[in-house]
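In: Predicted coordinates and the sequence they were generated for:
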Amino acid sequence: MTRRLGPLLALLLLIWGCTQSHGEAYLPGQCSDGLDNDGDGSSDCEDQDCAGAPDCAPTASLNGCTETPAGASCLVIAELTLEPAQVRPGETFSVSVWIPHATAENVVLEIAATPIEPALELAAADGGLRGNYSANAELPLGDHLVALRADVEDGEAQAYALLSVTEQQSCDDGLVREAGICVPSHSGVAIAPDRMFHTPYAGQITGLPEGGKERMMLHPRRVFAVENALVSCLTDSVAIIDPEAMFPIATDASPFDPRPPPLMERAEGVLDPDGLALCDDLALDAEAEIAVTMTRGALGQPAGLTSWRLPDLTSPPFDDPIELQSWIDASGFETGVFDDGYLYVAGKPDRLSVFTVNEQGAFTLVHEQQLPGCTGSWSVIKAGDRLYLTDAGVHPERGDGQPQGGSLYVFDASDPAAPMLQSSVPTWGLGKSLAVSSDGRVALAGGEAGLEIFDVSMIDAPVLSEHIDTPGSAISVAWSDGYLLLSDWNSMRLYDASEPGNTRLISATDLALTQLSGAEQDPQWAIDNSGFVALSGTDFIITEMDTIFLGTLQPGARTGSLNVIDRRWSISASSERQDQAFVLRLRNGGRQALELSIRQQNGLTPSGQRYLIAPGQQQALELQARGLLDNPALRFVTLDAEDPMQPERRAALVVLEGGLATGDPIPSFRLPFTNRCEGELCSQEVNCFHLDDSQWEGMPILLAFYSSW
């Protein structure tokens, strides 16, 4: 009997032990596993059994201002998350914010510059403050800035994000929609040059005396990629460049990496210095191996067209192009394009001219049409059976509220030998460049007026569908596979133009390439005079004042992009006036908020200050330099930024000892001038301006100083 009770007692003890109730925190980790382990209706830290458990210890309050340098205000960078970040009109989205700081006041959450009502409520969480908000996207198509701002002790908390409202389908997690397709997102650059070529040349060139020092203006006007070569117009020549011999560059280069040589070899033919000496544009018929340069004439030189025989472009070394024949025109030509065996050129001031060019380079004018109301014909482009031409003249005679820039002319080119004008539409800007999409839209680079996009699906009724302001001056535009690349004078701007009526900025960069900057004490290089752009798929060509870049777009870039607007400040100082205030303007060209700080430096206030610039926004930093003459080290403002292109940027301070400050009397001076206007009458004769004479006459004075090439 006793032997039978032993096993039975053991079994009863085992059953009793398995059914015995344990608290929530019986095993390690049970206070943070999200389960109700003891079945009492409470889980984790809400259960009293977890009181005192390490996982349930109170979170220490956060202080985001502990590392703020002396003299700087506190900036707490908050987290702002949109879910989803891309919505269709009317769809629901949510905003989650977290401020890593224990307290905050005057909290404002804005969507498209409108504060939400009621105000966002925050609750203590994770040592900081957390809040959530949901709404329907009752917004037009486009990017809309979502901004969080709140006051904290000695400063401010900020966070920014972009909400994209679109009719396009959303993408899976980890992907973003760009140029009409879903691509993986990344934190690198969007516009990545990988090769460059300096156009200045001082060696022996065809038709040039030894040394070549007479040639000073070698700006690349237009560049074609043909076979295994680049063919370019360089102000006074046609050059052929081997892309494989171009200097390799990288956006993540080290300051110690090699820098490009100042002189680079190419094949080249120079225009006749006693004839049509300049090249304002270049057209190319690759199949016929013919190129044509065109000039409007300048400095008293004749105007017209010059044809060139191109060498074999399949493999280097390349022979020089050979000048063939010329066509002299009294008014000249601005731009041109080959298509269907015809050369279409914008004739000054109001013509479309159509030529054929034979194998010997001889020109035959086959058609010419006057453009009503045109005062400055400029850019011409042909796509299929349509041809487009711009008037870059100014038209103040148009009524108030009407565009007073130029015009876009639309032609039916179904007969390629004789395009017929069908319609025109006024433009806000002075159209210097055109690009055509595959879905019936035309983009126009309009200088100071920015970028204009027209719906030309109806040939007799073109309509302006989008007018996009740009911070610079829109010079050249290219369109390919949903991407639109714009040259904007001191930056390159890449847009997603895949959805009509909803052109979105992907990235804007001033290409501050480390390998093109000089010694540390010199101003930092960045684009300052952008020119021609071309785009084929994701391969691009970009020109600057004296440089050609080749590179590739990197789809999916989602980072900040620092553009320094004020790269050089001239400051007048004297022994009595050594402290000067100045403003440094910056712009974030990326799709994410950009964090940056002013590197600490003696004499610069506020040294060490941090900033957060919203996507696509500009910010002016108000700075003060003290003791300029006594502190020769203070000749730069250095910025440290979360920018994948260039994390360290410099703005130069040029200190002029003596000189004039605001409010000082101006000493008398004389200088030659032109365009003297009295009333509505202006004379372009060169005269001598004398300050004392003008003051004696008691007339208002407007002096415009400029330099030109």
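Out: Good, I have the coordinates. Numbering: from 1, shown residues only.

In: Quick check: I322 touching T306?
Out: No - here I322 lies out of contact with T306, judged by CB atoms under 8 Å, at a distance of 11.2 Å. For every residue, glycine as well, the C-beta is placed using N, CA and C.

In: Between those two, which is the more surrounded one?
Out: Legend: neighbour count by other CB atoms under 10 Å for I322 and T306, higher for T306 (26 against 14).

In: Could you give the bridge partners of that one?
Out: T293, S326 (DSSP bridges).

In: I'd say it and S326 touch.
Out: Yes - in this structure, T306 is within contact of S326 by CB under 8 Å, at 4.9 Å.

In: any shared contact partners between the two?
Out: Shared contacts of T306 and S326 (CB atoms under 8 Å, 6 or more residues apart in numbering): D272, G275, L276.

In: Make a PyMOL selection of the buried ones in those residues.
Out: Buried residues among those (16 or more other CB atoms under 10 Å), as a PyMOL selection:
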select buried, resi 276
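
In: Return the subset of the shared contacts of T306 and S326 lying in helices.
Out: The helices in this structure, assigned by DSSP state H, contain none of the shared contacts of T306 and S326.

In: Save the shared contacts of T306 and S326 as JSON lines, and put in distance to S437 and pLDDT too.
Out: Compiled in JSON lines, these are given as follows (distance: CB to CB, whole Å; pLDDT from 0 to 100):
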{"residue": "D272", "distance to S437": "39", "pLDDT": "89"}
{"residue": "G275", "distance to S437": "39", "pLDDT": "88"}
{"residue": "L276", "distance to S437": "34", "pLDDT": "92"}
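
In: Can you add distance to T470 and give the shared contacts of T306 and S326 back as a markdown table?
Out: A markdown table is the format used below for those (distance: CB to CB, whole Å):
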| residue | distance to T470 |
| --- | --- |
| D272 | 38 |
| G275 | 38 |
| L276 | 34 |
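
In: list the contacts for R195?
Out: By CB under 8 Å, 6+ apart, R195 lies in contact with P243, M246, F247, P248, I249, F549, L550, G551.

In: for I241, same thing?
Out: Per CB under 8 Å, 6+ apart, neighbours of I241: F197, A229, L230, V231, S232, R266, A267, I548.

In: What is the lowest-pLDDT residue among these?
Out: Lowest pLDDT of these: R266, 92.

In: Pairing partners for the one helix or strand M196 maps to, with directions?
Out: Take DSSP states H and E as the rule and M196 turns out to sit in strand 191-198. Looking at strand 191-198 with DSSP bridges, its partner strands are strand 247-248 (antiparallel), strand 547-553 (antiparallel).

In: Dump these into CSV; add distance to A53 and mean neighbour count as well.
Out: Below are the strands paired with strand 191-198 laid out as CSV (distance: least, CB to CB, whole Å; neighbours: other CB atoms under 10 Å):
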stretch, distance to A53, mean neighbour count
strand 247-248, 58, 15
strand 547-553, 53, 22
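
In: will you turn the ones you listed into CSV that also has distance to I506?
Out: Putting the strands paired with strand 191-198 into CSV (distance: least, CB to CB, whole Å) gives the following:
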stretch, distance to I506
strand 247-248, 25
strand 547-553, 9
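
In: Out of the ones you listed, which is closest to S379?
Out: Taking CB to CB, strand 547-553 is the member of the strands paired with strand 191-198 nearest to S379, at 20.3 Å.
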